[in-house]
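give the three-dimensional model of this entry:
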Amino acid sequence: MRVAIQGERGSNSHAAAMKMLGEGVTIVPCALSVEVVERLAAGDGVDAAVLPIENTLHGSVAEHYDLLFNHDLRIEGELLLRILHNLMVMPGATLGEVKRVLSHPVALSQCRRWLAAHRELDAVPFYDTAGSVKHMMAKGDRSTAAIASAPAAPEYGAEILEAGVEDNPENYTRFLLLKRQADAVTIPQANKLSLAFSVAHRPGTLVQALQGLAEAGVDLTKIESRPVPGKPWEYLFYVDFRFSGEEQADQAVASLAKSCDLVREMGRYVAAS
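Okay, here's the model as predicted:
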């Protein structure tokens, strides 16, 4: 199986793909998330994709909600991955030699306390955590450090100078496993459902939609709103809920169909624990 990820080998997305699908898969790195989704949707050399959808500290990845809605894909699984940030350097380099630190902007923001304690270092945003390690090693630059997950060190031959430089230990990212609709399979053990819906722009319509979910008895775990392009002040709502049995899930979806202008089911899968 060939799996597309945003970022380089050794990234958190790489680790998430390995945990969900096993060591035998082939990772296909992509520079941008839109490339990940478009390659999967088109069947361009990949069979699945793994994308982050939200982080406990940074919040939702809004762009990824839009990409999922605009392509014919299905969520087939999810994973909660503990995020650990590590300072990496060229082998043998010391902190005294370092003048700048590269990493993805989100990773830099999650290491503010460490960076504040080392104000002599310039924090430089880069497109990817593992990519920053790859870049540092390719340049052979002892004056540059990178912040990334531990697997990036052996992947590119870097050395971890300091582990656990993140501010908050309760740092988890939720990743989704995506397949093309034509390749998606029914998961008998599924207990979680993701869908998108829209309601008429009138008072009480959103309350009515959510009341239907409550009456179905499902456990609403997430609600996210995104603007509808070209329709100012109109929104799509994305919800995740847990259910016990297909009948309950079907009842919840049917309740939305009664009160919503649009309902699109995006996947039934096993909730991550």
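
neighbours around residue 242, how many?
Per other CB atoms under 10 Å, the neighbour tally for residue 242 reads 14. Backbone N, C-alpha and C define where each C-beta goes, glycine included.

can you give me the strands in the stretch 1-150 of the chain?
For the stretch 1-150 of the chain, applying DSSP state E, counting those that start in this stretch gives strands covering 2-6, 26-30, 48-55, 59-60, 73-82, 86-89, 100-103, 122-125, 144-148.

run the chain-centre distance for the longest one.
I take that to be strand 73-82. 8 Å (CA atoms, centre = their mean, to the nearest Å).

mind listing the helices for the chain?
Using DSSP state H, the helices of the chain run over 12-21, 33-42, 62-69, 105-109, 112-116, 129-139, 152-156, 205-216, 246-259.

would you reformat the ones you listed as JSON lines and include mean pLDDT?
JSON lines is the format used below for these (pLDDT from 0 to 100):
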{"stretch": "helix 12-21", "mean pLDDT": "96"}
{"stretch": "helix 33-42", "mean pLDDT": "96"}
{"stretch": "helix 62-69", "mean pLDDT": "94"}
{"stretch": "helix 105-109", "mean pLDDT": "94"}
{"stretch": "helix 112-116", "mean pLDDT": "96"}
{"stretch": "helix 129-139", "mean pLDDT": "96"}
{"stretch": "helix 152-156", "mean pLDDT": "96"}
{"stretch": "helix 205-216", "mean pLDDT": "94"}
{"stretch": "helix 246-259", "mean pLDDT": "94"}
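
make CSV from those and add mean neighbour count and distance to residue 96 to it.
Shown next, in CSV, are those (neighbours: other CB atoms under 10 Å; distance: least, CB to CB, whole Å):
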stretch, mean neighbour count, distance to residue 96
helix 12-21, 22, 29
helix 33-42, 19, 37
helix 62-69, 18, 39
helix 105-109, 19, 21
helix 112-116, 14, 16
helix 129-139, 23, 17
helix 152-156, 21, 20
helix 205-216, 16, 57
helix 246-259, 16, 58
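
nearest to residue 165, of those helices?
Among the helices of the chain, the nearest to residue 165 by CB to CB is helix 112-116 (4.2 Å).

C-alpha coordinates for the closest one, PDB please?
Output of helix 112-116 as PDB, limited to C-alpha atoms (Å, rounded to 0.1, in the frame of the first residue of the first chain):
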ATOM      1  CA  ARG A 112       7.600  28.900  23.200                       C
ATOM      2  CA  ARG A 113       9.000  28.400  26.700                       C
ATOM      3  CA  TRP A 114      12.200  26.700  25.500                       C
ATOM      4  CA  LEU A 115      12.700  29.300  22.800                       C
ATOM      5  CA  ALA A 116      12.100  32.100  25.300                       C
END
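
and that helix, how far from the chain's centre?
Using CA atoms, centre = their mean, the offset of helix 112-116 from its chain centre is 24 Å.

and the contacts of that helix?
87, 101, 108, 121, 123, 162, 165-167 (CB atoms under 8 Å, 6 or more residues apart in numbering).

and residue 233, which of the helices of the chain is closest to it?
Smallest distance to residue 233 across the helices of the chain (CB to CB): 13.1 Å, for helix 205-216.

for residue 273, which residues are in contact?
Per CB under 8 Å, 6+ apart, neighbours of residue 273: residue 80.

name the member of the contacts of helix 112-116 with the most neighbours.
Counting neighbours by other CB under 10 Å, residue 101 comes out on top of these with 26 neighbours.

beta partners for that residue?
Residue 101 has these beta-bridge partners by DSSP bridges: residue 123, residue 145.
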